[in-house]
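1. quick one: sequence plus predicted model below, questions after.
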Amino acid sequence: MAVAVRLALIVLLLLGPGGWGHTEPSRDSLREELVITPLPSGDVAATFQFRTRWDSELQREEVSHYRLFPKALGQLISKYSLQELHLSFTQGFWRTRYWGPPFLQAPSGAELWVWFQDTVTDVDKSWKELSNVLSGIFCASLNFIDSTNTVIPTASFKPLGLANGTDHYFLRYAVLPREVVCTENLTPWKKLLPCSSKAGLSVLLKADRLFHTSYHSQAVHIRPVCRNARCTSISWELRQTLSVVFDAFVTGQGKKDWSLFRMFSRTLTEPCPLAAESRVYVDITSSKQDNETLEVNPPPLTTYQDVILGTQKTYAVYDLLDTAVINNSRNLNLQLKWKRPPENGYIHYQPAQDRLQPHLLEMLIQLPANSVTKVSIQFERALLKWTEYTPDPNHGFYVSPSVLSALVPSIVASKPVDWEESPLFNSLFPGSDSSSYFVRLYTEPLLVNLPTPDFSMPYNVICLTCTVVAVCYGSFYNLLTRTFHIEEPSKGGLAKRLANLIRRARGVPPL
Amino acid sequence: MAANSFRPRVLTALAGLLALSFGSLADSRIEDQAEQFFRSGHTNNWAVLVCTSRFWFNYRHVANTLSVYRSVKRLGIPDSHIVLMLADDMACNARNPKPATVFSHKNMELNVYGDDVEVDYRSYEVTVENFLRVLTGRVPPGTPRSKRLLSDDRSNILIYMTGHGGNGFLKFQDSEEITNIELADAFEQMWQKRRYNELLFIIDTCQGASMYERFYSPNIMALASSQVGEDSLSHQPDPAIGVHLMDRYTFYVLEFLEEINPASQTNMNDLFQVCPKSLCVSTPGHRTDLFQRDPKNVLITDFFGSVRKVEITTETISLQPDLGIMESSNKEDQIDEERMEPLKYAEQLPVAQIIHQRLLALPCPWCTPQHDCLIRED
């Protein structure tokens, strides 16, 4: 064993410095993780984090060999002497009331805050140039950041990484709320990843699914961290985070069952070969809520428990580097199903058919103790034909009362009833057991006022129409069809002569 | 005897004549090939694609620009050589029923937005000033590379513009306009600064031909979707999205370009015939008098693709690593600063320190920058 160790040491020394065929241990490492959290409202939140840690001091500008750490960002750190950089693009708002507390929230739009190192002389000039360069890298309008929307916070936004003293003169903060986030911001973000949407967790990052969400936030965080437990040297940490919330009704079509394929239209096929760790965590803390149990398929091999944001949480862990979880012949498609225990209730509903049959609704309910249960039914009023109204329509129409049949537990046990011996008032309902008694109750009938038509209107219309027709049409008809001719009055007749004779006899002037 | 010796001499003469003629034929073929090799004088391709309209009902202009972007990328021009300017965001618009998509054909057949798009100037950045600065190269210092047109005198540039226009002007974002004279002057500046080898200008707006009437710089070919006095019409609406998806001229240009691959030999005359009046309702126009080559010799891929002339060599070149640089960088990597005391993280909300800071802040009405008023804490 000692010989082997010594041999190994000798071999390492031989392969040490000098010669150009040697390989040194890589100084950067990648960890990727995905956390899937079912939310109380039936939605599901997915948070991706890709962390690249580089054990190097980037203060000198001589660095030219970039492996996992992206060159675009490494050059920014050395050129502008950055201490920390935090940039986020967000669309939507994290609804804490419905979804619970977020891991890391970001404001809608674009937010950029940067700590410069204390060697920088003109911070404002570096700030302006940095925002221009970032606008080119991320295809965003960050070049609109200038003194009109930049502030220097004095109390908050302390450095999230190692800091040598915090003089707020070197901090700058700006927010652009109007900034739109779309595929053109996701594309360069994805290209910064070492495996760049080809393998590992980043194959799930498809734009047409990620933007069909209630909340989408992607961020880049760069900060110096401790390299080891003694914390005597610095490593640079780059974290790229992406949080999305899939809406149960928009993307889920109302069902609360989720799977990786349903969320991202992809499954995990292989881990990223450049990643040291690649894990998927599923939050199974609230696995029992509202009588529903959460079932995760395939079942996890390990779980992780810790206090996160103040509450104890349990996570199911899937390690993509473990061949038992994922291998060449098996994809990983996590499925989350909510299982409801079988109910022992009964509902029977028979809807009405106009002029044929009424509504019938029967429900068997188990009432919880010490509580008030309200059952209500909404109905609409329909119009009747004018011949179907009763002679007194303004009285209203009756809806028959509801019936409640109940088995009420009795406080005192009763003995079985003998129908011939006991009084008549005790033998109305046959009692089956001694612990409860049967009762049937009724509600009041409901009197509904239907809108009543004006019943005199048909008569009025007929009168008016007939009058108009008669007067107008009749007159026209007469004018058009009657011929008028002048008539001579007749001179006399026998009756007229006789009448004149009688008139002369009476002394009245003749006709 | 003389007759006997004469015949072989005739035969050799004949053979010689035949050889000469074959040789001259071969020579002319070599000359043809050489002429083809040097046919167009460009070595790199650039594209500037501009959509100038804002608002959801102008979805078709964004779809127009993105379909040309897609064709140009497919035929080989990389993102670093494309300046894409979109005045509004349609893909992630709240009104889009399918987010992160822009369709060109109804029934959602073709998503021209894709998964790999880089927009250089978006939203409020698409202004007449920024457009002219991109063309002429007079961008403010600090503009990132992806937002610059870094062309040289051997670049073929494709400029595509779409939006709402009129007789002699093109409207930018409903608030300002660019006139054909400004555009012609910008192209002249580009010529004077030798920023292009040949330029193809395509415009799809109403009365588009008015925009190329005033060009006066050499080596410009221009196409427009309609003549002066005519309107360019939109193609087809999609009932699910609710707006018109494309303009007719660009729709047929897209269908034409879908058949082109980087090796095709289709020339510009075919592009001129793309949308006859029966399909487009307006009369597309073109202008080639400023262009020096004959359009039938100009390949589509001269402007839409990025075809490089490749010379194959069979020599081998061996690369020697510079051991001096490698050793020094290795040494530097291995010696990192080891500090004596451990470093620590900052407190996120040090209440005592914040309150102490407030007490030290003296009111100072005559000071201007904020940091002068606070006593710095070290």
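-> Arrived safely, thanks for sending. Numbering: from 1, shown residues only, chains lettered A, B, ... in the order given.
2. which pLDDT value goes with the nearest residue to residue B:123 once chain neighbours are set aside?
-> Closest residue to residue B:123 apart from its sequence neighbours, by Cβ to Cβ, 6 or more residues apart in numbering or on different chains: residue A:141 at 6.1 Å. In short, each C-beta sits where N, CA and C put it, glycine included. What the model reports as pLDDT for residue A:141 is 94.
3. before we move on, what about residue A:18?
-> 41.
4. do you know how far the closest residue to residue B:172 other than its chain neighbours is from residue B:213?
-> Leaving aside its sequence neighbours, residue B:172 sits nearest to residue B:52 (Cβ to Cβ, 6+ apart; 4.7 Å). Using Cβ to Cβ, to the nearest Å, we find residue B:52 at a distance of 19 Å from residue B:213.
5. residues contacting the residue nearest to residue B:123?
-> A:110, A:135, A:176, A:179, B:122-125 (Cβ atoms under 8 Å, 6 or more residues apart in numbering or on different chains).
6. do that again at 10 Å, thanks
-> Taking Cβ atoms under 10 Å, 6 or more residues apart in numbering or on different chains as the criterion, residue A:141 is in contact with A:110, A:131, A:135, A:176, A:178-180, B:121-125.
7. neighbour count for residue B:52 and residue B:213, which is higher?
-> Higher neighbour count among residue B:52 and residue B:213: residue B:52, with 29 against 16, using other Cβ atoms under 10 Å in any protein chain shown.
8. that one touches residue B:178, doesn't it?
-> Yes: between residue B:52 and residue B:178 there is a contact under Cβ atoms under 10 Å: 8.4 Å.
9. anything in contact with each of those two?
-> B:127-128, B:131, B:161, B:163, B:165, B:170-172.
10. report the two of those residues separated the most.
-> Maximum pairwise distance among the shared contacts of residue B:52 and residue B:178 (Cβ to Cβ): 16.2 Å, between B:127 and B:165.
11. give me the more crowded residue out of the two.
-> Each of residue B:127 and residue B:165 has its neighbours counted (other Cβ under 10 Å); residue B:165 has more, 27 against 18.
12. excluding its backbone neighbours, what's nearest the residue of the stretch 1-150 of chain A found nearest chain B?
-> Nearest residue of the stretch 1-150 of chain A to chain B, counting by Cβ to the nearest Cβ: residue A:136, 2.3 Å away. Distances taken as Cβ to Cβ, 6+ apart place residue B:144 nearest to residue A:136, at 2.3 Å, with adjacent residues excluded.
13. pull the number of nearby residues for the one you found.
-> 18.
14. buried ones in stretch B:98-112, by neighbour count?
-> The neighbour-count check on stretch B:98-112 (16 or more other Cβ atoms under 10 Å in any protein chain shown) flags B:99-106, B:110-112 as buried.
15. distance check, the closest residue to chain A within the stretch 151-300 of chain B against residue B:131.
-> Nearest residue of the stretch 151-300 of chain B to chain A (Cβ to the nearest Cβ) works out as residue B:173 at 13.7 Å. Residue B:173 is 11 Å from residue B:131, where distance means Cβ to Cβ.
16. next: residue B:43.
-> From residue B:43 across to residue B:131, the span is 25 Å (Cβ to Cβ).
17. more neighbours: those two, which one.
-> residue B:131 (25 against 13).
18. wait, that one sits on residue B:186?
-> Yes: with contact defined as Cβ under 10 Å, residue B:131 and residue B:186 form a contacting pair (8.4 Å).
19. what sits in contact with each of these two?
-> Common neighbours of residue B:131 and residue B:186 (Cβ under 10 Å, 6+ apart) are B:159, B:178.
20. low-scoring stretches of the chain, by residue?
-> Defaulting to chain A. A:1-26, A:58-63, A:250-255, A:287-291, A:340-344, A:431-433, A:492 (pLDDT under 70).
21. ah, no, chain B please
-> B:1-8, B:10, B:12-13, B:15-28, B:32-40, B:323-340, B:358-378.
22. surely residue A:437 forms part of a strand?
-> Yes: according to DSSP: H, G, I helix; E, B strand; the rest coil, residue A:437 belongs to a strand.
23. excluding its backbone neighbours, what's nearest it?
-> For residue A:437, the spatially nearest residue (Cβ to Cβ, 6+ apart) is residue A:410, at 5.3 Å.
24. tally of neighbours for that neighbour?
-> Around residue A:410 there are 13 residues (other Cβ under 10 Å).
25. in chain B, what residue is nearest chain A?
-> Closest point on chain B to chain A, by Cβ to the nearest Cβ, is residue B:144, at 2.3 Å.
26. narrow the contacts of residue A:141 to those that are buried.
-> A:110, A:131, A:135, A:176, A:179-180, B:121-123, B:125.
27. so which of the residues you listed would you say is closest to residue A:231?
-> Looking across the buried ones among the contacts of residue A:141 and measuring by Cβ to Cβ, the closest to residue A:231 is residue A:131, at 31.6 Å.
28. now do the strand or helix carrying the closest one: which elements does it pack against?
-> Using DSSP states H and E, residue A:131 sits in helix A:123-138. In terms of contacts (3 or more Cβ pairs under 10 Å, 6 or more residues apart in numbering or on different chains; DSSP states H and E), helix A:123-138 is packed against helix A:71-80, strand A:82-92, strand A:109-116, strand A:150-151, strand A:171-176, helix A:183-191, strand A:215-226.
29. got the angle for the last one vs helix A:183-191?
-> Computed by axes from the mean of the first three to the mean of the last three Cα atoms, to 10 degrees, the angle separating strand A:215-226 from helix A:183-191 equals 30 degrees.
30. strand A:215-226 pairs with which strands, parallel or anti?
-> strand A:82-92 (antiparallel), strand A:234-246 (antiparallel) (DSSP bridges).
31. ok, back up a step: JSON lines for the shared contacts of residue B:52 and residue B:178, including secondary structure?
-> Shown next, in JSON lines, are those (three-state DSSP):
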{"residue": "B:127", "secondary structure": "coil"}
{"residue": "B:128", "secondary structure": "helix"}
{"residue": "B:131", "secondary structure": "helix"}
{"residue": "B:161", "secondary structure": "strand"}
{"residue": "B:163", "secondary structure": "coil"}
{"residue": "B:165", "secondary structure": "strand"}
{"residue": "B:170", "secondary structure": "strand"}
{"residue": "B:171", "secondary structure": "strand"}
{"residue": "B:172", "secondary structure": "strand"}
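32. of those residues, just say which sits nearest to residue A:427.
-> Using Cβ to Cβ, the shared contacts of residue B:52 and residue B:178 come closest to residue A:427 at residue B:163, 90.8 Å.
33. dump the residue contacts of that closest one.
-> B:50-54, B:58, B:61-62, B:64-65, B:87, B:126, B:170-174, B:177-178, B:203-206.
34. turn the buried ones among those residues into a named ChimeraX selection, would you?
-> The ChimeraX selection below is limited to those of the contacts of residue B:163 classed as buried (16+ other Cβ under 10 Å):
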select /B:50,51,52,53,54,58,61,62,64,65,87,126,170,171,172,173,177,178,203,204,205,206
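35. residue nearest the middle of the chain, spatially speaking?
-> You didn't say which chain, so I picked chain A. For chain A, the residue whose C-alpha lies nearest the mean C-alpha position (Cα atoms, centre = their mean) is residue A:247; its distance is 3.3 Å.
36. that answer is for a different chain, and I need it for chain B
-> Nearest to chain B centroid, counting by Cα atoms, centre = their mean: residue B:47, 1.6 Å.
37. next up, phi/psi of that one, please.
-> Backbone geometry at residue B:47, expressed as degrees, to the nearest 10, gives phi -140, psi 130.
38. that one bridge partners, please.
-> Going by DSSP bridges, residue B:47 forms beta bridges with residue B:82, residue B:158.
39. hmm, back to that, mind putting the contacts of residue A:141 into a markdown table with distance to residue B:357?
-> As requested, the contacts of residue A:141 are exported to a markdown table (distance: Cβ to Cβ, whole Å):
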| residue | distance to residue B:357 |
| --- | --- |
| A:110 | 29 |
| A:131 | 27 |
| A:135 | 33 |
| A:176 | 28 |
| A:178 | 32 |
| A:179 | 32 |
| A:180 | 37 |
| B:121 | 42 |
| B:122 | 40 |
| B:123 | 38 |
| B:124 | 37 |
| B:125 | 38 |
